[in-house]
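>>> Quick one, fold the following:
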Amino acid sequence: MTVTTPPPSDAWLDDLALHPQQRASSGPIRAARRLADFVITTPGKMLAMMLVLTVAVGAIGFAQSQSMSKRQHALDVLVQTTEPMNHSAHVLLTSLSQADTVATTGFVQAGLMTPDEVKAYLASIDQAVIAASDIYEGASELTRPEDQERIQSLVRSIQRDLPLYVAFMERAKVNQRLGNPVGVSYMSEASGMMRERMITSANTLFALTQRQVAVEMVRLNAPQWVPLSGLVAALLLLAGAQWWLWRTFRRRWNKGFVAATAAMVVALAWVAGSNFISWRSGVIGFEQAAAPLRQLTDARLRAQETRTDETMALLRRQSVAESAESFESTYQGVSAALDTASDAPEVASARRALEQWSQAHGELVSTLDAGRFERAVDVLMVDSADHPSASTAYTELDANMVELIESARAEMRNYIHTSLDATRLVSTVVALLSLLAVISMWFGAQRRFREYV
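Have a look, this model is predicted:
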């Protein structure tokens, strides 16, 4: 009898086909279990700690480096664009006022303006044109669109009015040469346009750009508390890691971790020192230097307005006391501004010129009140044996104030440059020290790892 053997069953293949996910997932699960088992061991804990420290120290160092790099770039923009734009606004404001003062004074005496007066008038107009173009170009570098549009709009209004002012003044000069009294009316119209529209816009420009410089200096020189706290956190992490190593291996000091800690201490000290120098120079020192600059600029403008008022009073045959800007107020403002200026030879010279102008102005008031207009012209324009004329005294005062303003601006820029110098190389040094700290940590940990190999 023949026994038939059944063919081998392959049903188990069907079972595997129905449950492939069990085999597919067993590998990752097994690897995860092995990783978890390794992490709870001493070498695993140490490796995890090293990875966390590496990421933390590297990220903190990179963030601090980037922060200092951005601050340095912003200070470069401040030095090269924002502050020069503010200076251009100052030049525009004072040049417009000076042009009006010179042009108005030229009408006091009959005939043409002297070559020096023509030269001074044209130079003031040229400086105003160049300064307006510089401001318009510099405004394109501003980060806030609303400030950019406001500044450019003010510049455009001045650029539209300036040709009209020059045209009115030229027509006034032509009528003066022809002996027509209407020339004074044209001159008054031009001067009114200058003072009510152009100088007002220029004054707003100067205030805007000055505020931008001050705000940027405070913002860019404030202490970097977040990056500094990051460096402190890195030091705390390193201290905690060394404490764990001491508790685990009973070795008090790890040379690699000590070197890493020293590198981060140097980085923290470098950044803190840079922040302190920037804060002291950029906030305290800058404000101390900017205040005299503002006061000197305001005082010079008031002096120019008062000088124009003197001339207009003579041309209109009216009392100087009726002018909008009293001489006493100008005298006090200029004197106070000179008190804030540095102890320079120009201060003494400016005070002497101010006293001479005050004396001439007093005589001018008395002659105008008495109706002695011919004598008033001499007081205003002609030097006497006893004292200089009001024109000579004012010219000397204005020249000294220009020197003092330039000196105050140079001092203010020195504080800005000091803040900029304090940020140089900081980003590179912090990045290198952070890299050194990471390398030192791994160098210090390798001996502990070898104990388990």
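>>> Which residues are in contact with V91?
Residues near V91 by CB atoms under 8 Å, 6 or more residues apart in numbering: 127-128, 131. In short, each C-beta sits where N, CA and C put it, glycine included.
>>> Format those as CSV; extra columns: pLDDT and distance to V118.
Below are the contacts of V91 laid out as CSV (pLDDT from 0 to 100; distance: CB to CB, whole Å):
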residue, pLDDT, distance to V118
Q127, 94, 15
A128, 94, 16
A131, 94, 20
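>>> Closest one of the residues you listed to S69?
A131 (32.4 Å; CB to CB).
>>> That closest one against S95, yeah?
Yes - counting by CB atoms under 8 Å, A131 touches S95, with 6.4 Å between them.
>>> Name the residue in these two with the higher neighbour count.
Each of A131 and S95 has its neighbours counted (other CB atoms under 10 Å); A131 has more, 25 against 21.
>>> now, which of the contacts of V91 sits nearest L397?
Distances from L397 to the contacts of V91, taken by CB to CB, are shortest for Q127, at 19.4 Å.
>>> how about that closest one, secondary structure?
helix (DSSP: H, G, I helix; E, B strand; the rest coil).
>>> Not counting its own residues, what contacts stretch 370-380?
Residues from elsewhere that reach stretch 370-380 (CB under 8 Å, 6+ apart): 108-109, 310-311, 314, 317, 360, 363-364, 367-368, 384, 389-391.
>>> So which of these wins on neighbours?
That'd be E310 among these, by other CB under 10 Å, with 30 neighbours.
>>> C-terminal to the helix or strand that contains it, what's the next element?
Assigned by DSSP states H and E, E310 belongs to helix 286-315. Per DSSP H and E, the first helix or strand lying C-terminal to helix 286-315 is helix 327-340.
>>> Now the helix or strand just after that following helix: buried residues?
Following helix 327-340 in sequence order, the next helix or strand is helix 345-369 (DSSP H and E). For helix 345-369, the neighbour count (16 or more other CB atoms under 10 Å) marks 346-347, 349-351, 353-354, 356-361, 363-365, 367-368 as buried.
>>> Equivalent analysis for stretch 236-246, please.
For stretch 236-246, the buried set under the neighbour-count rule, 16+ other CB under 10 Å, comprises 237-238, 241-242, 245.
>>> Same question for stretch 47-63.
Buried residues in stretch 47-63, counting neighbours by 16+ other CB under 10 Å, are found at 49-50, 53, 56-58, 60-61, 63.
>>> same check, this time on stretch 248-261
Buried residues in stretch 248-261 (16+ other CB under 10 Å): 254, 256-257, 259-261.
>>> circling back to that earlier point, least confident pick among the buried residues of stretch 236-246?
Among the buried residues of stretch 236-246, L245 carries the lowest pLDDT, at 79.
>>> so what's it up against?
L245 neighbours (CB under 8 Å, 6+ apart): 46, 251, 254, 257, 448.
>>> Distance-wise, check the fourth one relative to E117.
So that's F257. 77 Å (CB to CB, to the nearest Å).
>>> Likewise for the last one?
Between R448 and E117 the computed distance is 87 Å (CB to CB).
>>> Looking at these two, which one has more neighbours?
R448 (18 against 15).
>>> which stretches of the stretch 101-250 of the chain have low pLDDT?
The model of the stretch 101-250 of the chain has pLDDT under 70 over residues 109-111, 143.
>>> Try it again at 80.
Scanning the stretch 101-250 of the chain for pLDDT under 80 picks out the ranges 107-114, 141-146, 176-179, 181, 245, 247-250.
>>> all helices of it, in order?
115-139, 145-177, 182-193, 199-220, 225-249 (DSSP state H, counting those that start in this stretch).
>>> nearest to T42, of those helices?
helix 225-249 (6.2 Å).
>>> Relative to the whole chain's centre, how far out is the closest one?
37 Å (CA atoms, centre = their mean, to the nearest Å).
>>> Could you point out the helix or strand that follows it?
Sequence-wise, the next helix or strand downstream of helix 225-249 (DSSP H and E) is helix 255-279.
>>> So which elements touch that next one?
Judged by 3 or more CB pairs under 8 Å, 6 or more residues apart in numbering; DSSP states H and E, helix 255-279 is in contact with helix 42-77, helix 225-249, helix 390-423, helix 426-450.
>>> And the contacts of V91, which is closest to N400?
Among those, Q127 lies closest to N400 (CB to CB), at 18.8 Å.
>>> Helix or strand: which one has the closest residue in space to the closest one that isn't next to it in sequence?
Nearest residue to Q127, sequence neighbours excluded (CB to CB, 6 or more residues apart in numbering): S95, at 4.1 Å. Following DSSP H and E, one finds S95 within helix 83-105.
>>> That helix relative to helix 115-139, how many degrees between them?
Helix 83-105 and helix 115-139 are oriented at 150 degrees to each other (axes from the mean of the first three to the mean of the last three CA atoms, to 10 degrees).
>>> Can I get helix 83-105 in CSV? Just the C-alpha atoms.
Only the C-alpha atoms of helix 83-105 are listed here, as CSV (Å, rounded to 0.1, in the frame of the first residue of the first chain):
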residue,chain,number,x,y,z
GLU,A,83,24.6,112.0,11.5
PRO,A,84,25.9,113.5,8.2
MET,A,85,22.3,114.0,7.1
ASN,A,86,21.6,115.8,10.4
HIS,A,87,24.7,118.0,9.7
SER,A,88,23.4,118.7,6.2
ALA,A,89,20.1,119.8,7.7
HIS,A,90,22.0,122.2,10.0
VAL,A,91,23.9,123.5,7.0
LEU,A,92,20.7,124.0,5.1
LEU,A,93,19.0,125.8,8.0
THR,A,94,21.9,128.2,8.7
SER,A,95,22.7,128.8,5.0
LEU,A,96,19.2,129.8,4.2
SER,A,97,19.1,132.2,7.2
GLN,A,98,22.5,133.5,6.4
ALA,A,99,21.6,134.1,2.7
ASP,A,100,18.5,136.1,3.8
THR,A,101,20.6,138.1,6.3
VAL,A,102,23.3,139.0,3.8
ALA,A,103,20.7,139.9,1.0
THR,A,104,18.7,142.1,3.4
THR,A,105,21.8,143.9,4.7
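>>> For it, buried residues please.
Residues of helix 83-105 classed as buried: 83-105 (neighbour count, 16+ other CB under 10 Å).
>>> Over to stretch 280-299?
Residues of stretch 280-299 classed as buried by neighbour count (16+ other CB under 10 Å): 280-283, 285-286, 289-290, 292-299.
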